[in-house]
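Q: Quick one: sequence and predicted model below, then my questions.
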Amino acid sequence: MTTAQKILTLNAFNPDDSEGLDPEALSLVERRQKTFGPTSMLFYRRPLNIVRGEGVWLYDADGRRYLDAYNNVPSIGHCHPHVVAAVARQMGTLNTHTRYLYENVYDYAERLLATFPPEVSNIVFTCTGSESVDLALRIARTTTGGKGFIATANAYHGNTTTATEVSPSSASAEPVGPHIVFVAAPDTYRAPDGAAEDRFLKDVETAIETLEARGFKVAGMIADSILSSDGVYPGLPGFLANAAALVRKAGGLYIADEVQPGFGRTGAGMWGFARHDLVPDLVVMGKPMGNGYPIGAVVAKPEVLAAFGKVSGYFNTFGGSPVAAAAGMAVLDIIEQEGLIENARQTGDYLMSELRKLQARHATIGDVRGAGLFIGIEFVVPDGSKRHDRALAVRTMNGLRERAVLGGTAGIEGNVWKVRPPLLFTREHADLLVATLDAELTAQGSRLA
């Protein structure tokens, strides 16, 4: 199996290559290195000094405007005034720990739970997606009595010690224990028409057998519902439900990671797992919940959470605080009022169509795949071999940055451009993205005759 690409090294700035940076940017880089040390990485060959955000736009210190086609954290747009006002209003009223009664927290919990299947009706709030994953894995271990987990081969699920164990694309160099088995994401580009999904299910079966042979009862499987860090593989609807059935047959739980595909991003409903007619045992959420305000959650089947609660408790000082609830409620307001799920579907379909037209003109675009406003563009060697071309992907990302369109790379070979903009992305923004990518690839000489 290919070695997983570390998520922080993809398209990262190299501090040893700072020639050409303007004095202000160079000064900021030096201050960052001095204060943060070597563990905090930057995007792009020439890092951006971003000072302001609005909607789908980011602005640098020189006033240049960049189209943000990457950041899912501000899910309803940078600095959305409705969220800003709600957070400020609640901050001016009360913000305290979560061991008091406070009505807006329950208003938000009830409203959020109403978007889930009725079987999944309990919620535990956290501050981050990493905390949510950590707790979900803990719940799975406690309720099943198992220790074995299955995850995908280039997954990213968080940065706590436990979440890192199921995140092969994380920055950790720590060895993975024998209680974790990774399976390759279904490469639908190289094995179309259901073959990749069939192989994926066989790999899950083998992973279960491997864990059991090592003496580990299966506790669960965790998967991002669109396999985004693996390279954005939506796959045929239903294949994740089939994987969940295999895991449950072995006594484990299925954990849906909705940090990235959730909140309407796939355009097929509120949650990415809905594409698969799947009811997870546990669902984890994070950053996009509060449009950048730190909030996360685990949603669970009541019987699962009850079994965990018999032997363990959970407390999080700021998880589900009044201010966090206000931010989350404001996000739900805008998703509903502005029709952002339908916008994700319509704009995503349009963008996918335009990108496929571009694919027909550029041999270096091997595949365009996705769902809603979550799209992967795979760059390949233009000789018909479908070989990955990471160098081209990195070169293109940096070229687009210079043309004021921001994106990021993903995939186990690091050759997939992940398009994941704020949900208020429109056709106008899609046209700008496609035209800019066309210009960059043409400048690189990839255009077909």
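A: It's in.

Q: hey, where'd the strands end up in the stretch 201-350 of the chain?
A: With DSSP state E, counting those that start in this stretch as the criterion, the stretch 201-350 of the chain has strands at 218-224, 253-257, 282-285, 296-300.

Q: what sits against A25?
A: Counting by C-beta atoms under 8 Å, 6 or more residues apart in numbering, A25 makes contact with 46-47, 49. Yep, even glycine has a C-beta here, placed from its N, CA and C like the rest.

Q: on that earlier part again, who wins for proximity to F374 among the strands of the stretch 201-350 of the chain?
A: Of all the strands of the stretch 201-350 of the chain, strand 218-224 sits nearest to F374, with 10.3 Å by C-beta to C-beta.

Q: what's the angle from that closest one to strand 253-257?
A: 20 degrees (axes from the mean of the first three to the mean of the last three C-alpha atoms, to 10 degrees).

Q: name the helices or strands packed onto strand 218-224?
A: helix 129-144, strand 148-152, helix 195-213, helix 239-249, strand 253-257 (3 or more C-beta pairs under 8 Å, 6 or more residues apart in numbering; DSSP states H and E).

Q: what does the average pLDDT come to for the first one?
A: When you say that, I think you mean helix 129-144. If you average the pLDDT over helix 129-144, you get 98.

Q: that older thread, I'd like to know which of the contacts of A25 are buried.
A: 46-47 (16 or more other C-beta atoms under 10 Å).

Q: can you redo the contacts of A25 as JSON lines with secondary structure and pLDDT?
A: Listed next are the contacts of A25 as JSON lines, based on DSSP: H, G, I helix; E, B strand; the rest coil; pLDDT from 0 to 100:
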{"residue": "R46", "secondary structure": "coil", "pLDDT": "86"}
{"residue": "P47", "secondary structure": "coil", "pLDDT": "90"}
{"residue": "N49", "secondary structure": "coil", "pLDDT": "92"}
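
Q: Take the contacts of A25 and lay them out in JSON lines including distance to T188.
A: As requested, the contacts of A25 are exported to JSON lines (distance: C-beta to C-beta, whole Å):
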{"residue": "R46", "distance to T188": "34"}
{"residue": "P47", "distance to T188": "34"}
{"residue": "N49", "distance to T188": "39"}
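
Q: Identify, from the contacts of A25, the entry nearest to A241.
A: P47 (41.9 Å).

Q: ok, so what distance separates that closest one from A25?
A: 6 Å (C-beta to C-beta, to the nearest Å).

Q: same check, this time on R45
A: Taking C-beta to C-beta, one finds R45 at 12 Å from A25.

Q: just A195 next, same as before
A: From A195 to A25 the distance is 47 Å (C-beta to C-beta).

Q: Flag the shaky bits of the stretch 51-200 of the chain, pLDDT-wise.
A: 171-173 (pLDDT under 70).

Q: Quick one: the helices in it, in order.
A: Using DSSP state H, counting those that start in this stretch, the helices of the stretch 51-200 of the chain run over 81-91, 103-113, 129-144, 161-165, 195-213.

Q: got the helices and strands packed on strand 218-224 as JSON lines, with mean neighbour count and distance to A435 columns?
A: Formatted as JSON lines, those follow (neighbours: other C-beta atoms under 10 Å; distance: least, C-beta to C-beta, whole Å):
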{"stretch": "helix 129-144", "mean neighbour count": "25", "distance to A435": "33"}
{"stretch": "strand 148-152", "mean neighbour count": "28", "distance to A435": "33"}
{"stretch": "helix 195-213", "mean neighbour count": "18", "distance to A435": "32"}
{"stretch": "helix 239-249", "mean neighbour count": "20", "distance to A435": "34"}
{"stretch": "strand 253-257", "mean neighbour count": "29", "distance to A435": "33"}
